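K.L.:
Quick one: sequence plus predicted model below, questions after.
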Amino acid sequence: MAITKETVEYVAHLARIALKPKELEKFSGQLQDIINFIDKLKKLDISNVNPTSHILPLENVFREDTARESLPLDKALMNAPCRKGNFFVVPKVIE
C-alpha cells in the first residue's frame, strides 16, 4: 500500500489537523517507511517464537471482586466545575 500526500491530506482532514505542504511530504514519507517496515516484519518466520506481553516475568495480582458501597453522589460531584442536578456539565464536543 502506497502512502501518498493525498492520503495523508485526507486523514489530516478527517482528524481536523492543518498540515503545511512540507509536512504532507514529510509525513507521507515517514508513514511509507513505517508501512515498508511492517511488510518486512510480516515476512519473518515467527512460528517458533513464544507470545509475550512483557519482557519481564510479571504476573497479575488479582483481588476478590466484591460488591461494596459506591462513592456518595455529593462527594463525587464535590469538585465538579459545573453541575446540573445530579450530573456533571461538560462542554459539547460534537459539532
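P.N.:
Thanks, I have the structure now.
K.L.:
residue ranges for the strands of the chain, please.
P.N.:
Taking DSSP state E as the criterion, the chain carries its strands at 83-84, 87-88.
K.L.:
mind giving me JSON lines with these and columns for distance to S70?
P.N.:
All C-beta spots, glycine's among them, are computed from the backbone N, C-alpha and C. What follows is these, written out as JSON lines (distance: least, CB to CB, whole Å):
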{"stretch": "strand 83-84", "distance to S70": "17"}
{"stretch": "strand 87-88", "distance to S70": "16"}
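K.L.:
Can you say which of the ones you listed is nearest to A18?
P.N.:
When the strands of the chain are compared for distance to A18 using CB to CB, the nearest one is strand 87-88, at 31.2 Å.
K.L.:
Pull up the pairing partners for the closest one, direction included.
P.N.:
Strand 87-88 has the following strand partners under DSSP bridges: strand 83-84 (antiparallel).
K.L.:
roughly how far is the partner strand from the heart of the chain?
P.N.:
Remark: strand 83-84 is offset 30 Å from the chain centroid, using CA atoms, centre = their mean, to the nearest Å.
K.L.:
now do stretch 17-24
P.N.:
Averaged C-alpha coordinates place stretch 17-24 at 22 Å from its chain's average position (CA atoms, centre = their mean).
K.L.:
circling back to that earlier point, and the strands of the chain: which comes nearest H13?
P.N.:
Using CB to CB as the criterion, the shortest distance between H13 and the strands of the chain is 31.6 Å, found for strand 87-88.
K.L.:
Tell me the buried residues in stretch 31-47?
P.N.:
L31, Q32 (16 or more other CB atoms under 10 Å).
K.L.:
related to what we said a few turns ago, any chance of the strands of the chain in CSV, plus mean neighbour count?
P.N.:
Listed next are these as CSV, based on neighbours: other CB atoms under 10 Å:
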stretch, mean neighbour count
strand 83-84, 10
strand 87-88, 11
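K.L.:
Export the ones you listed to a markdown table and append columns for distance to Y10 and mean pLDDT.
P.N.:
Converted to a markdown table, the strands of the chain look like this (distance: least, CB to CB, whole Å; pLDDT from 0 to 100):
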| stretch | distance to Y10 | mean pLDDT |
| --- | --- | --- |
| strand 83-84 | 39 | 92 |
| strand 87-88 | 35 | 92 |
